[in-house]
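Chemist: Kindly generate the corresponding structure for this input.
(2 chains)
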2 protein chains.
Amino acid sequence: MNTDLTPSELRQRIRSGEHTGNTSGYCPGYVQCNMTILPKDWANEFLQFCQQNPKPCPVLGMADAGSWEIPALAENLDIRSDIPSYRVFRDGELEQEVSDISELWQDDFVTFMLGCSFSFEEALISDGLEVRNVTENCNVPMYRTNVACTPAGRFSGNMVMSMRPYLPADAIRAIQICTRFPAVHGSPLHLGDPDLIGIADINKPEFGDAVTINANELPVFWACGVTPQVALEQAKPPICITHSPGCMLVTDVRNSKLAVM
Amino acid sequence: MNTDLTPSELRQRIRSGEHTGNTSGYCPGYVQCNMTILPKDWANEFLQFCQQNPKPCPVLGMADAGSWEIPALAENLDIRSDIPSYRVFRDGELEQEVSDISELWQDDFVTFMLGCSFSFEEALISDGLEVRNVTENCNVPMYRTNVACTPAGRFSGNMVMSMRPYLPADAIRAIQICTRFPAVHGSPLHLGDPDLIGIADINKPEFGDAVTINANELPVFWACGVTPQVALEQAKPPICITHSPGCMLVTDVRNSKLAVM
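Modeler: Residues are numbered from 1 along each chain as shown, chains lettered A, B, ... in the order given. From the prediction side, this is the model:
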């Protein structure tokens, strides 16, 4: 993996087809984003849903209707080609996975970029804390919970949460670190007994992979960016395009810029 | 209880003997302090012990040797009479409890004022969190743990921690709030399984009173100002004077001024 690439260079390689697949581990120090594209007549309700549920759906940037640029996040961005893999949903069903959406583009498309856990995982690791899914080289385990999102228009659903296990003192430190980053899911929402948030079996995540939980470790739960995907599947807009898991927009914004203090 | 008194007025009433007993609940919004007085040849080591163990022993103010004034904490302070009750220890043993120490005063006495949990309890309650020992109108439960303090000279010992129970989401919020107040014990040090810090029976605190822990609540543990008392009992200085439990120095400093952000 070439981790010396600037975000702009990586996006160029993605656009040209030279880089395919995951962006995880590339451009350390820079914010990567979850992406959602919706037609304009669904976008306002989705924005309202995000604003009412900022922990799972932190909006870092938006493009105007029909635009593939978000200058505040990335220079010379072309949303249609600068992400390695896109998922196209029609009426809430996954239709296809493609590496370029130029041919699918509509003038009424509104693009949302949402904060992602890569940013706070980097802050945890920088502080000397282990991130178990990174250590075990797998996807973070994610669970459907019984915690309801605040509905907005046609969007509703329960929150999905990701889990990282920590010894109690490290859990306290992780809460402090993540509190500084409200734009990338912020502080955890729960820790300890998974049953209290409706998780029946901690070893069977609905998304991602199970990770080892050692003796004396508490599972610590964060709001997860899969939450809006679940809400989108329920709302069933005629068309919706997202990034494929792990294939994110790599921005020019440094993670440290997201720290509120 | 007259909660309209200014700190200065309350200290005046304590000095004149008009107010005796606890200061808890008086002068809401103002910092109250734990006090320790030691002869100069013990004071440097005690200061070093506090500096190396800032969570249980946060020094908010010090008086010069022989001085009974700390202008940064309180105007017109007379340390010898402005605390409702003093405990006099000789060679580590409690000798007497008095309401004035003018006759015991030595020119080499150095006074330390340490932060106390009243300040962060007020911040928790202001945020809408319950503080169980306040609700149940009893002393906070405090436990001897197996967590060693960093020794300094003749001072050493294990940490004493106080405990307040919270549901997980409230525990996370309590960590955030107390992180803002490092000068009054700061963030908790542990939560969950008491056995991990050497507490055999959560219902039998060594100091203070047991409180109710409801279903689904986690015990949350903070470093406690009783820790230096335990270190002092072990070090056995020839003379040491402290406040009596609950009978604190009421300062002119607002609790909010202790917030680091």
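
Chemist: what separates A:E93 from chain B, distance-wise?
Modeler: 35 Å (C-beta to the nearest C-beta, to the nearest Å). Bear in mind the C-beta positions are built from the backbone N, C-alpha and C, glycine included.

Chemist: likewise A:T145?
Modeler: Distance, A:T145 to chain B, using C-beta to the nearest C-beta: 12 Å.

Chemist: do A:K236 as well
Modeler: Taking C-beta to the nearest C-beta, one finds A:K236 at 31 Å from chain B.

Chemist: That residue touches A:W42, doesn't it?
Modeler: No - contact criterion C-beta atoms under 8 Å: A:K236 and A:W42 do not qualify, at 10.1 Å.

Chemist: Please give me every residue in contact with A:R254.
Modeler: The contact partners of A:R254, taken as C-beta atoms under 8 Å, 6 or more residues apart in numbering or on different chains, are A:G29, A:Y30, A:V31.

Chemist: All the strands of chain A, residue numbers only.
Modeler: A:30-39, A:59-62, A:86-90, A:93-98, A:109-115, A:142-148, A:158-166, A:190-191, A:218-223, A:240-243, A:249-254 (DSSP state E).

Chemist: Which of the contacts of A:R254 ranks first by neighbour count?
Modeler: A:V31 (29 neighbours; other C-beta atoms under 10 Å in any protein chain shown).

Chemist: Surely that one and A:L258 touch.
Modeler: Yes - in this structure A:V31 lies within contact range of A:L258 using C-beta under 8 Å: 6.5 Å.

Chemist: what about A:K236 and A:W42, which has more around it?
Modeler: Between A:K236 and A:W42, counted using other C-beta under 10 Å, A:W42 has the larger neighbour count: 21 against 13.

Chemist: nearest spatial neighbour of the more buried one, skipping sequence neighbours?
Modeler: A:P237 (4.6 Å; C-beta to C-beta, 6 or more residues apart in numbering or on different chains).

Chemist: Could you tell me what pLDDT the model assigned to A:T3?
Modeler: The model reports A:T3 with a pLDDT of 76.

Chemist: the helices in chain A, which residues?
Modeler: A:7-16, A:40-52, A:117-126, A:132-135, A:168-179, A:227-235 (DSSP state H).

Chemist: Format those helices as a markdown table; extra columns: mean pLDDT.
Modeler: As requested, the helices of chain A are exported to a markdown table (pLDDT from 0 to 100):
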| stretch | mean pLDDT |
| --- | --- |
| helix A:7-16 | 98 |
| helix A:40-52 | 96 |
| helix A:117-126 | 95 |
| helix A:132-135 | 96 |
| helix A:168-179 | 98 |
| helix A:227-235 | 95 |
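
Chemist: Of these, which is nearest A:F207?
Modeler: With C-beta to C-beta, the closest approach to A:F207 among the helices of chain A belongs to helix A:227-235: 9.1 Å.

Chemist: Buried residues, that closest one. List them.
Modeler: Residues of helix A:227-235 classed as buried: A:T227, A:P228, A:Q229, A:V230, A:A231, A:L232, A:E233, A:A235 (neighbour count, 16 or more other C-beta atoms under 10 Å in any protein chain shown).

Chemist: Can you tell me what sits against stretch A:232-241?
Modeler: In contact with stretch A:232-241 (C-beta under 8 Å, 6+ apart) are residues A:35-39, A:42, A:46, A:86-92, A:101, A:104, A:106, A:109, A:154-157, A:242.

Chemist: show me the contacts for the closest residue to A:E45 other than its chain neighbours.
Modeler: Nearest residue to A:E45 in three dimensions, chain neighbours excluded: A:G153, at 3.2 Å (C-beta to C-beta, 6+ apart). A:G153 makes contact with A:N44, A:E45, A:Q48, A:F49 under the criterion C-beta under 8 Å, 6+ apart.

Chemist: Highest mean neighbour count out of the strands of chain A?
Modeler: strand A:190-191 (a mean of 26; mean count of other C-beta atoms under 10 Å in any protein chain shown).

Chemist: So is that one next to chain B?
Modeler: Yes - remark: strand A:190-191 sits within contact range of chain B at A:H190, A:L191, by C-beta under 8 Å from any C-beta of the partner chain.

Chemist: Counting by contacts, list what that strand packs against.
Modeler: Where contact means 3 or more C-beta pairs under 8 Å, 6 or more residues apart in numbering or on different chains; DSSP states H and E, strand A:190-191 is packed against strand A:218-223, helix B:168-179.

Chemist: Report whether the last one contacts chain A.
Modeler: Yes - applying C-beta under 8 Å from any C-beta, one finds helix B:168-179 in contact with chain A at B:P168, B:A169, B:A171, B:I172, B:I175, B:Q176, B:T179.

Chemist: ok, now how distant is the last one from B:Q52?
Modeler: Plainly put, B:T179 is 20 Å away from B:Q52 if you go by C-beta to C-beta, to the nearest Å.

Chemist: swap in the fifth one?
Modeler: Here the criterion is C-beta to C-beta. By it, B:I175 lies 23 Å from B:Q52.

Chemist: More neighbours: the two, which one.
Modeler: B:I175 (25 against 13).

Chemist: Contacts only, for the spatially closest residue to the more buried one that is not a sequence neighbour.
Modeler: Leaving aside its sequence neighbours, B:I175 sits nearest to A:I175 (C-beta to C-beta, 6+ apart; 4.8 Å). Under the criterion of C-beta under 8 Å, 6+ apart, the neighbours of A:I175 are A:S187, A:P188, A:V220, B:I172, B:I175, B:Q176.

Chemist: Could you rerun that using 6 Å?
Modeler: A:I175 sits next to A:S187, A:P188, B:I172, B:I175 when contact means C-beta atoms under 6 Å, 6 or more residues apart in numbering or on different chains.

Chemist: now do A:E69
Modeler: Per C-beta under 6 Å, 6+ apart, neighbours of A:E69: A:L77.

Chemist: Against A:G61, how distant is it?
Modeler: For A:E69, the distance to A:G61 - C-beta to C-beta - is 10 Å.

Chemist: one step back: which one, of the helices of chain A, ends up nearest to A:E206?
Modeler: helix A:227-235 (9.4 Å).

Chemist: so what's the closest residue to chain B within the stretch 1-150 of chain A closest to, chain neighbours aside?
Modeler: Using C-beta to the nearest C-beta, the single residue of the stretch 1-150 of chain A nearest to chain B is A:V147, 9.6 Å away. In this structure, A:V147 finds its nearest non-sequential neighbour in A:M159, 4.5 Å apart by C-beta to C-beta, 6+ apart.

Chemist: Enumerate the residues of chain A near chain B.
Modeler: Contact residues (C-beta under 6 Å from any C-beta of the partner chain) of chain A with chain B: A:168, A:172, A:175-176, A:179, A:187-188, A:190-192, A:196, A:216, A:218, A:261.

Chemist: Farthest pair within these?
Modeler: Using C-beta to C-beta, the two most remote members of the residues of chain A next to chain B are A:N216 and A:M261, lying 30.7 Å apart.

Chemist: wait, what's in contact with A:P228?
Modeler: Contacts of A:P228 by C-beta under 6 Å, 6+ apart are A:C57.

Chemist: If we use 10 Å, what do you get?
Modeler: Contact analysis of A:P228 by C-beta atoms under 10 Å, 6 or more residues apart in numbering or on different chains lists A:34, A:36, A:46, A:49-50, A:53, A:56-57, A:112, A:114, A:149, A:155, A:157, A:160, A:235, A:240, A:242.

Chemist: again with A:C149
Modeler: Neighbours of A:C149 in contact, by C-beta under 10 Å, 6+ apart: A:49, A:52-53, A:55-57, A:155-160, A:223, A:227-228, A:230-231.
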